[in-house]
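A.B. asks: predicted coordinates and the sequence they were generated for:
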Amino acid sequence: MLITRLDKDRGHANHGWLDSRFSFSFADYMDPEHMGFRALRVINEDHIAPSMGFGTHGHRDMEILSYVLDGELEHKDSLGSGGVLRPGEVQFMSAGTGVRHSEFNPSATTTGHLLQIWLLPNRMNLKPEYDQKKFPIFDKPDTLHLIASQDGRDGSFLIRSDAEFYAGKLSAGTKLEQPLKLGNGWLQVARGDVSVNGIALHAGDGVAISDEKQLQLATDAGAEVLLFDLA
């Protein structure tokens, strides 16, 4: 079963320096019918104005991933970690027992465009961690690359959540099949247009997937997608 969550139906907040769309309830946006899907708690699509960002704030007991679409994102945290994230790179932070961090658009001219993802952990009070990696999303298109997994295989981030996370850029005319190891999932369209088991989706759309073992993806003009395989 597939249930769509269309771009036009997402929550929206514009703070001037930050323009965000929310697939699930977040901050002042509250929708009891969209509180997350299985272990997936947050997918926020953020546009951050040049030289602006999120001041230092805290999190705990959450597995957090940042996926940049355009521009850059600079990270600093109380663990002493830091770095600048660009398209093709993904940031992972396990908040665990507690971490404070800031996220900033270091460009004076370019708007940062990214997806912020929160996954519920399957264990509480973990030791906080931070990592950042480059993945061959653009170098090797037309496949879904494993970004985060329960066992850290194939160079993916090791996450403590009942979830696995894939991302890929699909060229025009691509068709592929993708198994769902855990049996359920969420697919988010970051760019372009794609059909999932015959359902047409566009940039900003998502789809909740229940009790499906295989997905058929197809795109006429090209797309960039994120897939969460969920228990």
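C.D. replies: The structure has been received and is ready for your questions.
A.B. asks: contacts, neighbours, all on C-alpha from now
C.D. replies: OK.
A.B. asks: now R5: how far from G204?
C.D. replies: For R5, the distance to G204 (C-alpha to C-alpha, to the nearest Å) stands at 9 Å.
A.B. asks: what is the mean pLDDT for the longest strand along the chain?
C.D. replies: Using DSSP state E, we find that the single longest strand of the chain is strand 184-196. In this model, strand 184-196 has an average pLDDT of 98.
A.B. asks: partner strands of it, with direction?
C.D. replies: Counting by DSSP bridges, the strands paired with strand 184-196 are strand 199-202 (antiparallel), strand 206-209 (antiparallel), strand 214-218 (antiparallel), strand 223-230 (antiparallel).
A.B. asks: of these, which stretch is the most buried?
C.D. replies: Ranked by mean neighbour count under mean count of other C-alpha atoms under 10 Å, the strands paired with strand 184-196 are led by strand 223-230, which reaches a mean of 23.
A.B. asks: so where is this structure shaky, pLDDT-wise?
C.D. replies: Scanning the chain for pLDDT under 70 picks out no residues.
A.B. asks: tell me which residue is most central in it.
C.D. replies: In the chain, the centroid-proximal residue (C-alpha atoms, centre = their mean) is I117; its distance is 4.3 Å.
A.B. asks: which residues touch that one?
C.D. replies: Contacts here follow C-alpha atoms under 8 Å, 6 or more residues apart in numbering; on that basis I117 touches L40, R41, V42, I43, N44, I64, L65, S66.
A.B. asks: check which element follows whichever strand or helix holds the fourth one along the chain.
C.D. replies: Secondary structure assigned from DSSP states H and E places I43 in strand 40-48. Next in sequence after strand 40-48, counting helices and strands by DSSP H and E, comes strand 53-59.
A.B. asks: endpoints of stretch 86-97, how far apart?
C.D. replies: 28 Å.
A.B. asks: how about that stretch: buried residues?
C.D. replies: R86, P87, G88, E89, V90, Q91, F92, M93, S94, A95, G96 (16 or more other C-alpha atoms under 10 Å).
A.B. asks: on that earlier part again, what's the angle from the strand holding I43 to strand 53-59?
C.D. replies: With axes from the mean of the first three to the mean of the last three C-alpha atoms, to 10 degrees applied, the angle from strand 40-48 to strand 53-59 works out at 160 degrees.
A.B. asks: list the contacts of strand 40-48.
C.D. replies: The contact list for strand 40-48 (C-alpha under 8 Å, 6+ apart) reads 17-26, 35-36, 105, 111-120, 163, 228, 230.
A.B. asks: burial of the closest residue to L85 other than its chain neighbours, as a residue count?
C.D. replies: Excluding the flanking residues, the one nearest L85 by C-alpha to C-alpha, 6 or more residues apart in numbering is L73, at 5.0 Å. With neighbours defined by other C-alpha atoms under 10 Å, the count for L73 comes to 24.
A.B. asks: ok, L73 touching T111?
C.D. replies: No. L73 is not in contact with T111 according to C-alpha atoms under 8 Å; the separation is 10.0 Å.
A.B. asks: overlap in contacts of the two?
C.D. replies: Common neighbours of L73 and T111 (C-alpha under 8 Å, 6+ apart) are N105.
A.B. asks: what does the closest residue to M124 other than its chain neighbours show for phi and psi?
C.D. replies: Once flanking residues are discounted, M124 sits nearest to D61: 5.8 Å by C-alpha to C-alpha, 6+ apart. Backbone torsions of D61, given as degrees, to the nearest 10, read phi 50, psi 60.
A.B. asks: what sits against L230?
C.D. replies: R38, A39, L40, D162, A163, E164, L182, G183, N184, G185, W186.
A.B. asks: just flag the most distant two among those.
C.D. replies: Greatest spacing in those, by C-alpha to C-alpha: L40 and G183 (14.2 Å).
A.B. asks: good, we can wrap up now.
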